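1. Pasting a predicted model and its sequence here:
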Amino acid sequence: MRVKTAAALLLLGLIALVAGIGQLTFWAPPQTVTATLQADVKAAPLTVIDTKLRSLRGGEADVAIKGDGNFVLAVGRPDDVAAWVGKTAHTTIDGASADGKQLTASFTDGEPSAPSPASADTFATAQNASGSLDYRWDLPDDGDWQLVLATDGTKPAPHDITITWPSNETTPWAVPLIVLGALLLAAAIVLLVIRRGGPGARKPAAEAAAQPGPDAGDSTPGRAERRSARRAASAAVAVVVALVTGAGAAHATTAPSPPGSANPSPASSAASASASAAPAQEKVLVDEQLQRILDQVANAVAAGDQAKDSKQLEPRVGESALLARTQNYKIRASVASAAALSPVRGASLRTSVVTTQRSWPRTVMAVTRGEGNTTPQILTLRQDNARANYKLIEVSPLLPGPAFPNAPKAGAEQLALDAKSGLAYSPNEALRGLGDRLTNGDAWKDKIPENAYIKDTLDYEADVVKTSPNGNLTFTHNPTANDAVAYRTADGGAILVAPLDFTISGTPKSSGDKVTLADDSAAALAGGKEATTKMTLQFRESVVLYIPADGAKGQLTLVGATRNLVGASVS
């Protein structure tokens, strides 16, 4: 009877083992799931792949794209993508069927063309391809990211697209079956051993007497049989442990834990941690994106400086920076001794201030120092809308003295100009105070300490008065429209960047008197040197001012400043 029972257990154990091991090997489910976009999806100049598809099945996605000829894949924040796509017709891939084999998409009608995203600053990265592209959906930074596909903006965007995810399909019965099979085999082995050592299997007394045991105790009837059974049981336990350990390793290799399981994979754990650590409001540029923009701006400025042609600046330079260089080129065309403006360098980025304001216009700051820069430069760039590229609008040297204030690395809050917002002064109030300080040396003297630029400006104004004895002169330093921008610094204060119009006006004191322009550069812009009615000199100042937090011990500090001659007239 024991033999039959052992045989049955042995058979059942083998069946259970084969079934369990099979689920982890030759019967294992596929490790990936691939979904394809239907061929009959309506074509559009842009294809958008929604952010939720990246981790739709709990793991990173691989995207395979086929197209006719050249195309571009760009990566951007969802709100940036929506703003950039705008009213252009587009196809949005936003889900997959329940079985994971078919991508779902919707078509939005609209304008028939769009610019290429290849060189758009709004996108964190862009990748060119020809014919096909296998793309691992990596993230430039924390938060959500979408993909945009386009050709030249007029032809249909690629829509032969497949996305592959880890299947995360588990085999919950594999290990239990292996354990059950091993236990059944162990039980069968124990029964067989006991059967061999039982009363029906005892040796003849003479044979047993001729074979001495290791000790006297082993001659006791039944004790040898129990010892054999224990050895068999120990061997069976070892088999169970080995099988369970091997099965567990195979299970961990071939069947990663699905999202939300008690033991997530390292990748899913990292993704969860990354998602939970993501800032609520992301900064508008990631570091690599900012560096790319700075390099392109620097190249455009270098080309314009080389040719002394402001038209070459216009794609990447605007406002004060464009005005200053345009007039400098004009002056140098007439005055050989006139100095060129300091070159703009994108390399050696020291620090940056990147806004978290998601609406446009967007303004960012960067401190760089490269070849030809005697001091670090504070560069201010602005993007007017989602399809516009950033332009350099202000350039000023970092002045000797206090270091440039630190901004939060996760992005800086942009502040209203007319509110104190926890500051010692509102940005507008501080800017007007700086204008007064530069006009009248005694104004705001106790609030804005003197530095190299303030001293140089006051000395220059005094020299102009001294060299114009026949003129009545006035000096003003006024903000220009609403071009200023202020950001919260890490210490609770603010950094304010703004242009000022520095104007010198002069009229003759008496009839017959003349006001003379002593500077050849000013005369080149004015078309003459002597004024019998009125003389005007116009400078554009780019200033960077630190505003301390309300209650802080620090003072208003002029961190960066410069002035450039941009206009002159005599009449």
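-> Right, received. Where do you want to start? Numbers count the residues shown, from 1 in each chain.

2. now the stretch 201-350 of the chain, which segments are flagged as low pLDDT?
-> 201-280 (pLDDT under 70).

3. And stretch 362-372, what's buried?
-> Within stretch 362-372, the residues scored as buried using 16 or more other Cβ atoms under 10 Å are 362, 363, 364, 365, 366, 367, 368, 369, 370. Placement of C-beta: from N, CA and C, glycine included.

4. Can you classify the last one by secondary structure?
-> For residue 370, the secondary structure call by DSSP: H, G, I helix; E, B strand; the rest coil comes out as coil.

5. Give me the phi and psi for it.
-> Backbone torsions for residue 370, taken as degrees, to the nearest 10, come to phi -130, psi -160.

6. ok, residue 74 - contacts?
-> Each residue near residue 74 by Cβ atoms under 8 Å, 6 or more residues apart in numbering is listed here: 117, 118, 120, 123, 125, 126, 127, 147, 148, 150.

7. The residues you listed in strands, which ones?
-> Judged by DSSP state E, strands contain the following of those: 125, 126, 127, 147, 148, 150.

8. What's opposite the second one in the beta bridge?
-> Counting by DSSP bridges, residue 126 is bridged to residue 74.

9. burial of it, as a residue count?
-> As a burial measure, residue 126 scores 18 neighbours (other Cβ atoms under 10 Å).

10. and it, what does it touch?
-> If a contact means Cβ under 8 Å, 6+ apart, then residue 126 has 72, 73, 74, 75, 117, 118, 119, 120 as its contacts.

11. picking up where we left off before, which one of the buried residues of stretch 362-372 is nearest to residue 444?
-> Nearest to residue 444 out of the buried residues of stretch 362-372 is residue 365 (Cβ to Cβ; 23.9 Å).

12. What average pLDDT does whichever helix or strand the closest one is part of get?
-> Mapping residue 365 onto the secondary structure by DSSP states H and E places it in strand 362-368. Within the predicted structure, the mean pLDDT of strand 362-368 is 97.

13. Tell me the first helix or strand C-terminal of that strand.
-> If you walk from strand 362-368 toward the C-terminus, the next helix or strand you reach (DSSP H and E) is strand 377-383.

14. and the angle from that following strand to strand 362-368?
-> Here the directions of strand 377-383 and strand 362-368 differ by 160 degrees (axes from the mean of the first three to the mean of the last three Cα atoms, to 10 degrees).

15. how far does strand 377-383 sit from the chain's center?
-> 19 Å (Cα atoms, centre = their mean, to the nearest Å).

16. Quick one: residues in contact with that strand.
-> Residues outside strand 377-383 that contact it (Cβ under 8 Å, 6+ apart) are 121-122, 293-294, 297, 318-319, 342, 344-345, 360-369, 389-398, 404, 485, 497, 542, 544, 559-560.

17. ok, residue 436 - contacts?
-> The neighbours of residue 436, taking Cβ under 8 Å, 6+ apart as the test, are 443, 444, 477.

18. ok, now with 7 Å
-> The contact partners of residue 436, taken as Cβ atoms under 7 Å, 6 or more residues apart in numbering, are 443, 444.

19. how near is it to residue 516?
-> Distance of residue 436 to residue 516, given as Cβ to Cβ, to the nearest Å: 28 Å.

20. Pull the number of nearby residues for the spatially closest residue to residue 303 that is not a sequence neighbour.
-> Of all residues not flanking residue 303 in the chain, residue 312 sits nearest, at 4.9 Å (Cβ to Cβ, 6 or more residues apart in numbering). The number of residues packed around residue 312, counting by other Cβ under 10 Å, is 17.

21. Residue 312 contacts residue 305, correct?
-> No. Using Cβ atoms under 7 Å, residue 312 is not in contact with residue 305, being 8.9 Å away.

22. Quote the end-to-end distance of stretch 32-48.
-> 23 Å (Cα to Cα, to the nearest Å).

23. gap between it and the chain center?
-> Averaging C-alpha coordinates over stretch 32-48 and over its chain gives two centres that are 27 Å apart (Cα atoms, centre = their mean).

24. List the buried residues of it.
-> Under 16+ other Cβ under 10 Å, the buried positions of stretch 32-48 are 33, 34, 35, 37, 41, 44, 45, 46, 47, 48.

25. Repeat that for stretch 388-406.
-> Going by neighbour count (16+ other Cβ under 10 Å), the buried part of stretch 388-406 is 388-399, 404-405.

26. And stretch 178-197, by the same measure?
-> If you call a residue buried by 16+ other Cβ under 10 Å, then stretch 178-197 has these buried ones: 178-195, 197.

27. do stretch 62-72 as well
-> 62, 63, 65, 67, 71, 72.

28. That stretch - what's its average pLDDT?
-> For stretch 62-72, mean pLDDT rounds to 93.

29. about what we covered before: can you list the helices and strands that the strand holding residue 365 packs against?
-> In this structure, strand 362-368 makes packing contacts with helix 287-307, strand 349-354, strand 377-383, judged by 3 or more Cβ pairs under 7 Å, 6 or more residues apart in numbering; DSSP states H and E.

30. Quick check: strands, which of the buried residues of stretch 62-72 are part of them?
-> Checking the buried residues of stretch 62-72 against DSSP E, those in strands are 62, 63, 65, 67, 71, 72.

31. Turn those into CSV, including distance to residue 6.
-> What follows is those, written out as CSV (distance: Cβ to Cβ, whole Å):
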residue, distance to residue 6
62, 51
63, 56
65, 60
67, 66
71, 68
72, 70
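
32. Just give me the closest of the residues you listed to residue 8.
-> Of all those, residue 8 sits closest to residue 62, with 48.7 Å by Cβ to Cβ.

33. In three-state terms, label the closest residue in space to that closest one that isn't next to it in sequence for me.
-> Here the nearest residue to residue 62 in space, its sequence neighbours aside, is residue 164; by Cβ to Cβ, 6+ apart that works out to 4.5 Å. The three-state assignment at residue 164 reads strand, by three-state DSSP.

34. ok, what's across the strand from residue 164?
-> Using DSSP bridges, the beta-bridge partners of residue 164 come out as residue 34, residue 62.

35. about what we covered before: so which of the contacts of residue 74 is the most crowded?
-> Counting neighbours by other Cβ under 10 Å, residue 150 comes out on top of the contacts of residue 74 with 31 neighbours.

36. quick one, what contacts it?
-> By Cβ under 7 Å, 6+ apart, the contact list for residue 150 reads 45, 46, 71, 72, 114, 116, 117, 157.

37. Please identify which two of the buried residues of stretch 32-48 are farthest apart in space.
-> 33 and 45 (29.7 Å).

38. Go through the buried residues of stretch 62-72 and name the one nearest residue 566.
-> Taking Cβ to Cβ as the measure, residue 566 sits nearest to residue 72 out of the buried residues of stretch 62-72, at 39.1 Å.

39. Now that closest one: closest residue in space that isn't a chain neighbour?
-> Spatially, and ignoring its direct neighbours in sequence, residue 72 is nearest to residue 118 (4.6 Å; Cβ to Cβ, 6+ apart).

40. ok, now residue 83?
-> residue 386 (3.6 Å).

41. who touches the one you found in this structure?
-> Under the criterion of Cβ under 7 Å, 6+ apart, the neighbours of residue 386 are 80, 83, 84, 122, 360.

42. And residue 488, by the same measure?
-> With the criterion set at Cβ under 7 Å, 6+ apart, residue 488 makes contact with 412, 413, 415, 494.
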